[in-house]
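**Student:** whatever this is, show me its structure:
(2 chains)
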2 protein chains.
Amino acid sequence: MAEFVVNPWEVRGNVDYEKLVTQFGTQHIDEKLLKRIEKHTGKLHYFLTRKIFFSHRDMNWILDEYEKGNKFFLYTGRAPSGPVHMGHIVPWMFTKWLQERFDVELWFQFPDEEKFLFKDDLTLEQTAKWGKENAYDIIALGFDPKKTHFIFDTLHANLMYKEACKVAKKITFSTAKAVFGFDNETNIGSIFYTAMQSVLAFLPSVLKGKNIPCLIPAAIDQDPHWRITRDVLPKLGYLKPAQIHGKFLSGLGGIMEQGKMSSSEEQTAIFATDSPKVVKEKIMKYAFSGGRDTVVEHRKLGGNPDVDVSYQWLTFFEEDDKKLKKIHDEYKSGKMLTGELKQILIDKLNEFLKEHQKKREKAKDQLEKFMLRD
Amino acid sequence: MAEFVVNPWEVRGNVDYEKLVTQFGTQHIDEKLLKRIEKHTGKLHYFLTRKIFFSHRDMNWILDEYEKGNKFFLYTGRAPSGPVHMGHIVPWMFTKWLQERFDVELWFQFPDEEKFLFKDDLTLEQTAKWGKENAYDIIALGFDPKKTHFIFDTLHANLMYKEACKVAKKITFSTAKAVFGFDNETNIGSIFYTAMQSVLAFLPSVLKGKNIPCLIPAAIDQDPHWRITRDVLPKLGYLKPAQIHGKFLSGLGGIMEQGKMSSSEEQTAIFATDSPKVVKEKIMKYAFSGGRDTVVEHRKLGGNPDVDVSYQWLTFFEEDDKKLKKIHDEYKSGKMLTGELKQILIDKLNEFLKEHQKKREKAKDQLEKFMLRD
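**Tutor:** Residues are numbered from 1 along each chain as shown, chains lettered A, B, ... in the order given. From the prediction side, this is the model:
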């Protein structure tokens, strides 16, 4: 087993999710919980049945409260530093489904200072620009503007900073160091930052003057922040946020190469703004194949869908279980060649992106509707 | 020589200002500089001739620029945590004189999170309340509302936080640790705070889109913050702020007892809202005396104005040099008794406070005029 690293700033290696659950102290989403969710949502999202969203904290409490008529709100976010890629979109697709099925508010944070603080070469002008660009992608996914509030840390600092100070007072450098691996050379903005990320978990409670349960759907790399948040919020009289954790979409290089897709490795990421031609080229050229060296061998021995990136990606984007199973079986048996499998993924993504890009254009007029007014 | 401590959160012991100048690496205000200031201000403030404002950084540069027609702005502040006392008022009296004589803008910061972050038992509701109360005292001193801008960190965070992040990115935990004596148990809000205190030294330059020289009049205990500010601002393309440093007004217990007046030691502080009766009682009861044990002895040997708190305070509040000299000489010779000296101080303070309290009442309607609009 290759070593792996998962933290808010780095996901590297072949992630062992089983180990992560133990290491982070979260819970698996079991059949009983799935049934309980299904009672409220109707047909489960395939991200749940396929265990792409696989782990949680306090989901049963969220449902207890929900069943008492005490609705939660959703909180997720995006630290802008570059274009949105397919890996970012996965948890947002799931968040949108949760918003729809539970009919709840979403508070969406754009911590436009985070990547500025953590990356040497990034300016606040760049993160501001990407914040706007990324917001178009998020709007394009179809969130309900009446129930969705965008918060940009630097633009909403009048609301955020004061609350962040309350959190920060309860976190020592020791804790931040232990949780995030900071050292004496870490800048003091990076050290403070986690307090800003805690704020949205209770800001709606502050603004509405009553405690509202919070559910955070996100990839599991953000968990260290929420561990701190869960530790501090009760000390301030607020509720611990619940979480539901997703797995990472790998880069085209495959799970052994890259822990998750990275915008900085352009060749192996598919961006939300890529043209059909670019999508085709990238997948044909870079998608790691589970196929055999020759067609003859492949026909005889079959491919390996477990390591084949195109197949793995289809588990994220092909919603039809039957279609997916057919692809799996045909590829494994050798009936389907790598080129054919790649073409299925290309068609699937381009179909999605064609719609997405249309909606993204329309989203440019809608940003104001989503911005929280303070 | 007793040991002493001077930093933004503690001033203790008998401060050796000579040593501080060496230790902090600042410059004495010499005769040549006084003459140069006088050229622009006319008659020098007695705080300058009496060396109550005694040290500086880059005052000659400020005057160079001023003489070229490039006006500076003044920046000072008040971290609210309790009522204003006479020790706070000293640098503000001087700031007002600088504003008048140089005809310049003043940017006045109320870091209403600072004391909350550094003191366990203080809430943000309390610091907000004191911020307002303190603002009335500052307005009462007569600052020009057209040229004075009040900035509250939590209320103006939309302007402040983003700029603070730029500063924070350039400060490592090592630096903050070395300058402020932080350790692993320091909370991450306190660690970040110095970045917020740096912002006003360049915020006017940001808002006006050009570099404007900044002069900070303040007691010398704030110098550690400005050392960091001076280190970082050039890296961001802004000018280093110049400084002019004041000495501390001691508590009534005297310089050997208390480094500077402290609001938390109520008996030995005179507050801006104290009644004439309270002022009289406190001074009569607590003002450390340089007199002799008996009247007979005092008449014969004379008192010691150098350690007598009432006399020392008069050097801060009796503007008339001749009157002050007369008091000094009569007390030293034994002609004036401690009770008489105390009465002079009581009358002086009560005369000041009577006017101040009247103006303070009127100030309550004026706060909005002073608040910076963002």
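**Student:** residues from chain A in reach of chain B?
**Tutor:** Taking C-beta under 8 Å from any C-beta of the partner chain as the criterion, the neighbours of chain B within chain A are A:113, A:116-117, A:124, A:153-158, A:160-162, A:164-166, A:168-174, A:176-177, A:182-192, A:194-195. From N, CA and C alone the C-beta is placed, and that goes for glycine too.
**Student:** now do 7 Å
**Tutor:** Counting by C-beta under 7 Å from any C-beta of the partner chain, chain A comes close to chain B at A:113, A:116-117, A:124, A:154-155, A:157-158, A:161-162, A:165-166, A:168-169, A:171-174, A:176-177, A:184-189, A:191-192, A:195.
**Student:** which ones among the residues you listed lie within helices?
**Tutor:** A:116-117, A:124, A:157-158, A:161-162, A:165-166, A:168, A:173-174, A:176-177, A:188-189, A:191-192, A:195 (DSSP state H).
**Student:** now the buried members of the residues you listed.
**Tutor:** Buried members of those, scored by 16 or more other C-beta atoms under 10 Å in any protein chain shown, are A:116-117, A:124, A:157-158, A:161-162, A:165-166, A:168, A:173, A:176-177, A:188-189, A:191-192, A:195.
**Student:** any idea how far A:Phe94 is from chain B?
**Tutor:** For A:Phe94, the distance to chain B equals 31 Å [C-beta to the nearest C-beta, to the nearest Å].
**Student:** dump the residue contacts of that residue.
**Tutor:** With C-beta atoms under 7 Å, 6 or more residues apart in numbering or on different chains as the criterion, the residues that contact A:Phe94 are A:45, A:47, A:53, A:217, A:246.
**Student:** try 10 Å this time
**Tutor:** Each residue near A:Phe94 by C-beta atoms under 10 Å, 6 or more residues apart in numbering or on different chains is listed here: A:45-48, A:52-53, A:74, A:76, A:217-218, A:244, A:246.
**Student:** where does it fall, helix, sheet strand or coil?
**Tutor:** helix (DSSP: H, G, I helix; E, B strand; the rest coil).
**Student:** just give the closest residue to it, not the sequence neighbours.
**Tutor:** Nearest non-adjacent residue to A:Phe94, counting by C-beta to C-beta, 6 or more residues apart in numbering or on different chains: A:Phe47, 5.0 Å away.
**Student:** packing partners of the one helix or strand that neighbour maps to?
**Tutor:** Taking DSSP states H and E as the criterion, A:Phe47 maps to helix A:46-49. Where contact means 3 or more C-beta pairs under 10 Å, 6 or more residues apart in numbering or on different chains; DSSP states H and E, helix A:46-49 is packed against helix A:31-41, strand A:53-57, helix A:86-102, strand A:242-246, helix A:309-317, helix A:321-333.
**Student:** rerun at 7 Å
**Tutor:** Helices and strands touching helix A:46-49, by 3 or more C-beta pairs under 7 Å, 6 or more residues apart in numbering or on different chains; DSSP states H and E: there are none.
**Student:** mind listing what's buried in it?
**Tutor:** The neighbour-count check on helix A:46-49 (16+ other C-beta under 10 Å) flags A:46-48 as buried.
**Student:** can you lay out these as JSON lines showing pLDDT?
**Tutor:** Compiled in JSON lines, these are given as follows (pLDDT from 0 to 100):
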{"residue": "A:Tyr46", "pLDDT": "98"}
{"residue": "A:Phe47", "pLDDT": "98"}
{"residue": "A:Leu48", "pLDDT": "98"}
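**Student:** now distance to B:Tyr286 too, for the residues you listed, in JSON lines please.
**Tutor:** Shown next, in JSON lines, are the buried residues of helix A:46-49 (distance: C-beta to C-beta, whole Å):
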{"residue": "A:Tyr46", "distance to B:Tyr286": "77"}
{"residue": "A:Phe47", "distance to B:Tyr286": "71"}
{"residue": "A:Leu48", "distance to B:Tyr286": "71"}
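**Student:** go through these and say which is closest to chain B.
**Tutor:** Taking C-beta to the nearest C-beta as the measure, chain B lies nearest A:Phe47 of the buried residues of helix A:46-49, at 34.3 Å.
**Student:** residue most distant from the centroid, chain A?
**Tutor:** Residue farthest from the centre of chain A, counting by C-alpha atoms, centre = their mean, is A:Val296 at 39.7 Å.
**Student:** okay, now A:His88: neighbour count?
**Tutor:** A count of nearby residues for A:His88, using other C-beta atoms under 10 Å in any protein chain shown, gives 22.
**Student:** tell me where the stretch 251-374 of chain A has helices.
**Tutor:** Taking DSSP state H, counting those that start in this stretch to define them, one finds helices in the stretch 251-374 of chain A at A:276-286, A:295-301, A:309-317, A:321-333, A:338-363, A:367-370.
**Student:** so which of those is the most surrounded?
**Tutor:** Greatest average neighbour count among the helices of the stretch 251-374 of chain A goes to helix A:309-317 (a mean of 23), per mean count of other C-beta atoms under 10 Å in any protein chain shown.
**Student:** dump the C-alpha coordinates for it into CSV.
**Tutor:** Output in CSV follows, covering the C-alpha atoms of helix A:309-317 (Å, rounded to 0.1, in the frame of the first residue of the first chain):
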residue,chain,number,x,y,z
VAL,A,309,-9.5,6.2,-14.8
SER,A,310,-12.2,6.5,-17.5
TYR,A,311,-14.2,3.8,-15.7
GLN,A,312,-13.6,5.3,-12.3
TRP,A,313,-14.7,8.7,-13.5
LEU,A,314,-17.9,7.1,-14.9
THR,A,315,-18.7,5.9,-11.4
PHE,A,316,-18.9,9.6,-10.6
PHE,A,317,-20.7,10.8,-13.7
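**Student:** which strands or helices does that helix pack on?
**Tutor:** With contacts taken as 3+ C-beta pairs under 7 Å, 6+ apart, helix A:309-317 sits against helix A:321-333, helix A:338-363.
**Student:** now the ones you listed in TSV, with distance to B:Gln357 and mean pLDDT?
**Tutor:** Formatted as TSV, the helices and strands packed on helix A:309-317 follow (distance: least, C-beta to C-beta, whole Å; pLDDT from 0 to 100):
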stretch	distance to B:Gln357	mean pLDDT
helix A:321-333	79	98
helix A:338-363	58	98
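**Student:** export these to TSV and tack on distance to B:Glu10?
**Tutor:** Formatted as TSV, the helices and strands packed on helix A:309-317 follow (distance: least, C-beta to C-beta, whole Å):
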stretch	distance to B:Glu10
helix A:321-333	66
helix A:338-363	54
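**Student:** can you give me the pLDDT of the residue farthest from the centre of chain A?
**Tutor:** At A:Val296, the predicted lDDT confidence score is 95.
**Student:** for the stretch 1-150 of chain A, give me the ranges with low pLDDT.
**Tutor:** Low-confidence segments of the stretch 1-150 of chain A (pLDDT under 70): A:1-2.
**Student:** and the residue of the stretch 251-374 of chain A found nearest chain B, what does it touch?
**Tutor:** At 8.5 Å from chain B, A:Asp374 is the closest residue in the stretch 251-374 of chain A, using C-beta to the nearest C-beta. Applying C-beta under 7 Å, 6+ apart to A:Asp374 gives the contacts A:156, A:158-159.
**Student:** what confidence value was assigned to it?
**Tutor:** 72.
**Student:** now it, nearest residue through space, not along the chain?
**Tutor:** Nearest non-adjacent residue to A:Asp374, counting by C-beta to C-beta, 6+ apart: A:Leu159, 4.9 Å away.
**Student:** tally of neighbours for the one you found?
**Tutor:** As a burial measure, A:Leu159 scores 21 neighbours (other C-beta under 10 Å).
**Student:** and it, how far from A:Leu207?
**Tutor:** According to C-beta to C-beta, to the nearest Å, A:Leu159 stands 8 Å off from A:Leu207.
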